[in-house]
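1. pasting the structure only:
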């Protein structure tokens, strides 16, 4: 697919991805706050352990994976269908795809965003760090603090970059801007009682 598509404007592509994923993030927050979401609180690791430690822990639950990929598919498809009517700076950051292909791209982006959190959680459990907790020591704490901010983002960018052209400068823009957006949604989840920590 990527070989037949022109590379988008780097800043515009970053703006598109932040806008589309932010819309999906709002849907995710609303879903996690809903009574229905509580019915899907089963841990994704099914309680399995390695070396006597949980694979991911209780903070990674089925409900967290149910809506974001679908919401991202819808937001990508909606923006894709409106591409010709969007401001030029934003449209230049988008690919010449049909809405159904945008939906597929969005689903992959949303799923990768969620799955990319799992290796970090796995490492923390194997290091006896409680879910939602931070390791002791300034250096290790700083490493995991950074990983918590960019793991989902990097997973999403890698997945998208495998399917469509993604300029290197877009990665730079995303690494500069997206963690602040991610922190905002983390704060919203904390205020909603979904997360144990604001950041």
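-> Arrived safely, thanks for sending. Computed from a prediction, not measured in an experiment: that's the story for all the values here. Numbers count the residues shown, from 1 in each chain.
2. Identify the residue nearest residue 76 in space, chain neighbours excluded?
-> Using C-beta to C-beta, 6 or more residues apart in numbering and skipping the chain neighbours, the partner closest in space to residue 76 is residue 106 (2.8 Å). Backbone N, C-alpha and C define where each C-beta goes, glycine included.
3. And whatever helix or strand the one you found lives in, what's buried?
-> Here residue 106 sits within helix 99-115, counting by DSSP states H and E. Within helix 99-115, the residues that count as buried by 16 or more other C-beta atoms under 10 Å are 101-115.
4. Touching that helix from outside, list them.
-> Here helix 99-115 makes contact (C-beta atoms under 8 Å, 6 or more residues apart in numbering) with 1, 17, 20-21, 24, 64-65, 68-81, 97, 152-153, 155-156, 158-160, 163-164.
5. Taking the residues you listed, please make a PyMOL selection of just the buried ones.
-> Remark: buried members of these, expressed as a PyMOL selection using 16+ other C-beta under 10 Å:
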select buried, resi 17+20+21+24+64+65+68+69+70+71+72+73+74+75+76+77+79+80+97+152+153+155+156+159+160+163+164
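6. Next step: the contacts of helix 99-115 restricted to helices.
-> Mapping these onto helices (DSSP state H) picks out 17, 20-21, 24, 64-65, 68-81, 152-153, 155-156, 158-160, 163.
7. and the gap between the spatially most central residue of the chain and residue 58?
-> Central residue of the chain (C-alpha atoms, centre = their mean): residue 113, 3.1 Å from the mean position. Noted for residue 113: a distance of 20 Å to residue 58, by C-beta to C-beta, to the nearest Å.
8. try residue 123
-> 16 Å.
9. For residue 157, grab the count of nearby residues.
-> A count of nearby residues for residue 157, using other C-beta atoms under 10 Å, gives 23.
10. wait, doesn't it sit right on residue 171?
-> Yes - under the criterion of C-beta atoms under 8 Å, residue 157 makes contact with residue 171 at 5.9 Å.
11. if I pick residue 80, what's in contact with it?
-> 94, 97-99, 101-103.
12. low pLDDT regions in the protein?
-> Along the chain, segments meeting pLDDT under 70 span 1-3, 185-186, 188-190, 192-199.
13. Residue 95 should be in a strand, yeah?
-> No - when classified by DSSP: H, G, I helix; E, B strand; the rest coil, residue 95 is found to be coil rather than part of a strand.
14. I'd guessed it sits against residue 4; true?
-> No - at 10.1 Å, residue 95 does not count as touching residue 4 under the criterion of C-beta under 8 Å.
15. Give me the more crowded residue out of these two.
-> residue 95 (22 against 8).
16. Can you give me every residue that contacts the more buried one?
-> 5-6, 8, 164-165.
17. make it 6 Å
-> 5, 8, 164 (C-beta atoms under 6 Å, 6 or more residues apart in numbering).
18. Out of these, the closest to residue 51 would be?
-> Using C-beta to C-beta, residue 164 comes nearest to residue 51 of the contacts of residue 95, at 39.5 Å.
19. how near is the closest one to residue 16?
-> From residue 164 to residue 16 the distance is 11 Å (C-beta to C-beta).
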